[in-house]
Every structure is written in structure tokens, then in C-alpha cells.
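A.B. asks: sequence-free structure coming up:
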């Protein structure tokens, strides 16, 4: 688990204070000199303030990037495409940044769990499709069909089209579909 306290900016922003104003409409020379001195001090503080704010933002951005890098590694998605990782972070940040890094991390965990489950299901489906196609190839070899390459491609396209619509058929059902298609193809060839 991540130590979220290390991603918090330790530096505090200085207080700028208020810009000095003249106390009356017809100031004396001394009041104008005092005002000028206070205004110069204020401008100096303002310049320092802007520099501190810039440093603060740079540090905050650096810590944010470090958090993202560490979170991606902790969640096991450091090898995912950059676009996916950034989208996961963006969604989690939108949903949880007001409650801190811990909440953002929790949101990322939920999204990553969804992505990993989705990826696993896609792999499982592809594996099932490959297995189903292999069975069709085995049946073709068992029946000794010697079609030309062009006819074979056309035939396979006709067979696999219905199989793509059906997630996975039992072995016997696949054989029945194959036999039916073979009879229809033989009938077409004879005509």
C-alpha cells in the first residue's frame, strides 16, 4: 500500500497581505513617502510570493507525477498503454481528488479491476474462438476434403460467419453445422 503522506506538498504558501492604500484624499508629503515605502515593500513581497507560488506548483506537479507512477506500479498497470493509464487517472482524479490521494487511489483500484476483468474476458473469448475454429479444421481433415485454396477460404468464411454470432457451440452441434454446410456446398457444386 502506498504512503500517501509523501505526496503532500510540505511547503506552505506565504501570505501576501493587502496592498497599501492612502488613508485620506489629500495626504501630506510624509504620508506619501510612507505610502511609497509600503508600496515598494508590498511589490517586493508580491514578487517573492509569485516565486514561492511557482515553486509550490512545480513541487505539487512533481509529487502528482510521482503519485501516478507509484500508483500505476502498485496497481500493476505500468505496462498498459499510456492513453489507458492517463484515462484511469483522469477519471479517478475527477471523482476523488477533493478527498485526497487515498480516495483517488481507491477509484483507480476500481477502474483497474474493471479493466483487468475485461482484458481477461477478451482473452478467454479469443481462446474459445480459436478452439472452436480448430475443431472445424479437425473435422475438415477427418472428412478428407480437398478443396482448392480459394474454395477453402470461401467455405471457411461461410462456416465462421454463424460461429461469430454464437459464442461457443458444443462439439456435436459444431459437427452438425459443418455437415449441413457441406451438404449445401455439395448441392451447389452439383448444379
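C.D. replies: Arrived safely, thanks for sending. Source: prediction; values computed, not measured.

A.B. asks: Going along the chain, name the strands of this structure.
C.D. replies: Ranges of strands in the chain, per DSSP state E: none exist.

A.B. asks: what residue ranges in it score low on pLDDT?
C.D. replies: 128-175, 177-178, 188-191 (pLDDT under 70).

A.B. asks: Excluding residues flanking it in the chain, which one is nearest the most centrally placed residue in it?
C.D. replies: Taking CA atoms, centre = their mean as the criterion, residue 84 is the residue nearest the geometric centre of the chain, at 2.6 Å. Nearest non-adjacent residue to residue 84, counting by CB to CB, 6 or more residues apart in numbering: residue 115, 7.1 Å away. Just so you know, the C-beta spots here come from the backbone N, C-alpha and C atoms, and that holds for glycine as well.

A.B. asks: can you count the residues close to that neighbour?
C.D. replies: 17 (other CB atoms under 10 Å).

A.B. asks: Show the contacting residues for the closest residue in space to residue 55 that isn't next to it in sequence.
C.D. replies: Using CB to CB, 6+ apart and skipping residues adjacent in sequence, the residue nearest residue 55 is residue 11, 7.1 Å away. Going by CB atoms under 8 Å, 6 or more residues apart in numbering, residue 11 touches 52, 55-56, 59.

A.B. asks: Which positions within stretch 41-50 qualify as buried?
C.D. replies: By 16 or more other CB atoms under 10 Å, the buried positions in stretch 41-50 come out as 42, 49.
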